[in-house]
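*Asks:* Just the structure for this:
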Amino acid sequence: VPHLRLVYAAVAIPGVLSDHTGAAYLLEERIRGKFIKYINNNSATPARYLWAKEEKIGLFLCFAQHVQYHLTNEVVYLSDF
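*Replies:* Numbering: from 1, shown residues only. Model prediction:
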């Protein structure tokens, strides 16, 4: 199992909506240092540009998505690793 972590994230909703009715924003932690994108949010396969070790991690993350989807009765899965 690879040693990875998720970024901190939050949803921000404006206190005064004015012209932006229903507006919501996803705020994510700024990543400093090396960052590797293993899976895009438009595909359930590892990115094509990964090296051998990174590709294995990408495959593990695909597996984790699959398991999470089934364990939540097809309701939830994380994407965009």
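*Asks:* which stretches of this protein form helices?
*Replies:* With DSSP state H as the criterion, the chain has helices at 52-71.
*Asks:* could you show me where the strands are in it, in order?
*Replies:* For the chain, applying DSSP state E gives strands covering 9-12, 25-28.
*Asks:* closest to residue 41 out of these?
*Replies:* Among the strands of the chain, the nearest to residue 41 by C-beta to C-beta is strand 25-28 (11.8 Å). Glycine gets a C-beta too; all of them are placed from N, C-alpha and C.
*Asks:* re earlier: make a markdown table from the strands of the chain and add distance to residue 52 and mean neighbour count to it.
*Replies:* Putting the strands of the chain into a markdown table (distance: least, C-beta to C-beta, whole Å; neighbours: other C-beta atoms under 10 Å) gives the following:
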| stretch | distance to residue 52 | mean neighbour count |
| --- | --- | --- |
| strand 9-12 | 30 | 9 |
| strand 25-28 | 28 | 9 |
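*Asks:* Show me where the chain dips below the pLDDT cut-off.
*Replies:* Within the chain, the set of residues satisfying pLDDT under 70 comprises 17-20.
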